[in-house]
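A.B. asks: can't give you the sequence, but here's the structure:
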């Protein structure tokens, strides 16, 4: 009876770890996808009506929720108040991003709104191409590695149960 | 103004300024990369602190970011024209490296110098000015740059407007009215219409017809075209109050261009410092 109970607990833990692994990839994909939407809103707002960053962001934030939106809000607050680069650089220090992604986000947001019109537009278009690549890789990872984690977790849990039983 | 400057300037520069100057007298701050900060109090330039505070390109970036609300791209046209208007009528003159596209200046990059001009509103308790307002005739305000021409112009616009004249203020650069995001920050009187951001040459023709002003007020007359526009307005019966850079009336009279302008002017007011009127000349009596 005790073995069965321990087996059950271990099975639960293993499955939970598998699902957590999958969730990491899902959230990473969602974060990058939200960033991509924001990027498209920026390109649209800047190239057609030269809207200010705060106006574009407010419109975007009205239609979205999630961690990226929260980080963006924090970024907007900081650029309006202190302009401290160290703090701004940490705004997008999100646990779902890899080190290279973090560096990319940091550079993107530190230069956002500090370039003349032509340079800003070309920069955004370059970023669009890069984020599309990142997003497509994140989607693949989500489907392959994420699903693998959840299935492995479940299988390992069942195997532990069988061994203990 | 103090609050606006504390937002606009990097903290180190603001703190230095706070130590040494009265913000009511501060009219200009000049910042150049790798050089000390200079500020102007009543038209006199002084180095800020002991000269150890040097400006970095990050400081310039900070000011531009604040002034453009982190949207430099949205101010491209203004930057090409050489200035950005910030809240409260503060005007930031800009220079740096020009980017030429199809033979025209399309952007300014690597900005190295800023000239921050701070507007003032002062009540002039001067009988000579009161007399011009009571018996208004075309008026020209002259002084060297930074001596308070625009400050007197604002006072006269408000006084004339409150006396019931319909005054049209041609505020191409947002400096007269200090309008920011559609909000007025400097009161120019009850009967003043403000043509904000409209090129002056266009405004003389279109706004005069559409707004039917009694008086047109314009800051810093420059060039023959504008002088011709003023002559046209006077011919149409619209009175004018304007400012021009000049250290002396005699010099203006010697200039072929400005002597043409003086033909339409009755009063010339010369200023020798903010709130400090040197003399008022009635050209009809001389």
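C.D. replies: Nice, thanks for sending it over. These numbers come from a predicted model, not from an experiment. Numbers count the residues shown, from 1 in each chain, chains lettered A, B, ... in the order given.
A.B. asks: and residue B:145, how many neighbours?
C.D. replies: 13 (other C-beta atoms under 10 Å in any protein chain shown). Where C-beta positions appear, they are placed from N, C-alpha and C, glycine not excepted.
A.B. asks: now residue B:202
C.D. replies: A count of nearby residues for residue B:202, using other C-beta under 10 Å, gives 13.
A.B. asks: before we move on, what about residue B:169?
C.D. replies: 25.
A.B. asks: Provide the secondary structure category for residue B:265.
C.D. replies: Secondary structure for residue B:265, judged by DSSP: H, G, I helix; E, B strand; the rest coil, is coil.
A.B. asks: that one and residue B:141 touch, don't they?
C.D. replies: No - at 10.3 Å, residue B:265 does not count as touching residue B:141 under the criterion of C-beta atoms under 8 Å.
A.B. asks: tell me the spacing between whichever residue of the stretch 101-250 of chain B sits closest to chain A and residue A:146.
C.D. replies: Going by C-beta to the nearest C-beta, chain A is nearest to residue B:107 of the stretch 101-250 of chain B, at 4.1 Å. Distance from residue B:107 to residue A:146, counting by C-beta to C-beta, to the nearest Å: 45 Å.
A.B. asks: repeat for residue B:74
C.D. replies: For residue B:74 relative to residue A:146 (C-beta to C-beta), the value is 40 Å.
A.B. asks: what does residue B:149 give?
C.D. replies: Counting by C-beta to C-beta - residue B:149 and residue A:146 are separated by 69 Å.
A.B. asks: what do you get for residue B:228?
C.D. replies: Distance, residue B:228 to residue A:146, by C-beta to C-beta: 73 Å.
A.B. asks: looking at those two, which has the bigger crowd around it?
C.D. replies: The residue with more neighbours, out of residue B:228 and residue A:146, is residue A:146; 24 against 14, by other C-beta under 10 Å.
A.B. asks: and the pLDDT at the more buried one?
C.D. replies: For residue A:146, the pLDDT comes out at 70.
A.B. asks: residue B:189 belongs to a strand?
C.D. replies: No - counting by three-state DSSP, one finds residue B:189 to be coil, located in no strand.
A.B. asks: surely it meets residue B:156?
C.D. replies: No - Residue B:189 sits out of contact with residue B:156 when judged by C-beta under 8 Å, with a separation of 9.8 Å.
A.B. asks: looking at these two, which is more packed in?
C.D. replies: It is residue B:156, of residue B:189 and residue B:156, that has more neighbours when counted by other C-beta under 10 Å, with 23 against 19.
A.B. asks: tell me the SS of residue B:110?
C.D. replies: Once three-state DSSP is applied, residue B:110 turns out strand.
A.B. asks: thought residue B:94 was touching it, still the case?
C.D. replies: No - between residue B:110 and residue B:94 there is no contact under C-beta under 8 Å: 11.2 Å.
A.B. asks: so those two - more neighbours on which side?
C.D. replies: Applying other C-beta under 10 Å to residue B:110 and residue B:94 shows that residue B:94 carries more neighbours, namely 22 against 11.
A.B. asks: kindly state the beta-bridge partners for the more buried one.
C.D. replies: Legend: beta-bridge partners of residue B:94 under DSSP bridges are residue B:114.
A.B. asks: ok, it to chain A distance?
C.D. replies: 11 Å (C-beta to the nearest C-beta, to the nearest Å).
A.B. asks: and that residue, what pLDDT?
C.D. replies: pLDDT, residue B:94: 90.
A.B. asks: what do you get for residue B:43?
C.D. replies: 68.
A.B. asks: now do residue B:68
C.D. replies: pLDDT recorded at residue B:68 is 88.
A.B. asks: name the nearest residue to it, ignoring sequence neighbours.
C.D. replies: The shortest distance from residue B:68 to any non-neighbouring residue, by C-beta to C-beta, 6 or more residues apart in numbering or on different chains, is to residue B:75 (4.8 Å).
A.B. asks: how about residue B:258, phi and psi?
C.D. replies: phi -80, psi -20 (degrees, to the nearest 10).
A.B. asks: residues in contact with it?
C.D. replies: B:227, B:244, B:246, B:252 (C-beta atoms under 8 Å, 6 or more residues apart in numbering or on different chains).
A.B. asks: now stretch A:13-33: buried residues?
C.D. replies: A:14-15, A:17-19, A:21-22, A:24-33 (16 or more other C-beta atoms under 10 Å in any protein chain shown).
A.B. asks: how near is residue B:266 to residue B:208?
C.D. replies: 20 Å.
A.B. asks: hmm, back to that, wait, doesn't the residue nearest to residue B:68 sit right on residue B:84?
C.D. replies: Yes - with contact defined as C-beta under 8 Å, residue B:75 counts as touching residue B:84 (5.4 Å).
A.B. asks: does chain B sit close to the strand or helix carrying residue A:46?
C.D. replies: If you go by DSSP states H and E, residue A:46 is part of helix A:2-49. Yes - under the criterion of C-beta under 8 Å from any C-beta of the partner chain, helix A:2-49 makes contact with chain B via residue A:46.
A.B. asks: and after that helix, which helix or strand comes next?
C.D. replies: Next helix or strand after helix A:2-49 toward the C-terminus (DSSP H and E): helix A:53-62.
A.B. asks: where does the stretch 51-200 of chain B have low pLDDT?
C.D. replies: B:180-182 (pLDDT under 70).
A.B. asks: interface residues of it facing chain A?
C.D. replies: Residues of the stretch 51-200 of chain B lying near chain A (C-beta under 8 Å from any C-beta): B:61-62, B:64-66, B:68-74, B:76, B:79, B:99, B:101, B:106-109.
A.B. asks: now list the buried members of those residues.
C.D. replies: B:61-62, B:64-66, B:68-74, B:76, B:79, B:99, B:107-108.
A.B. asks: among the residues you listed, which lie within helices?
C.D. replies: Cross-referencing these against helices under DSSP state H gives B:61, B:62, B:64, B:65, B:66, B:76, B:79.
A.B. asks: does the second one touch residue B:10 like I think?
C.D. replies: Yes - proximity of residue B:62 to residue B:10 meets the contact threshold set by C-beta under 8 Å, at 5.1 Å.
A.B. asks: which bits of chain A sit near chain B?
C.D. replies: Along chain A, the residues adjacent to chain B under the rule C-beta under 8 Å from any C-beta are A:46, A:50-54, A:79-80, A:83, A:112-121.
A.B. asks: ok now the longest helix along chain B, how far from the chain's centre?
C.D. replies: Longest helix of chain B, by residue count under DSSP H: helix B:149-162. With C-alpha atoms, centre = their mean, to the nearest Å as the basis, helix B:149-162 stands 12 Å off its chain's centre.
A.B. asks: go on, stretch B:119-130?
C.D. replies: Relative to its chain's centre, stretch B:119-130 lies at 16 Å (C-alpha atoms, centre = their mean).
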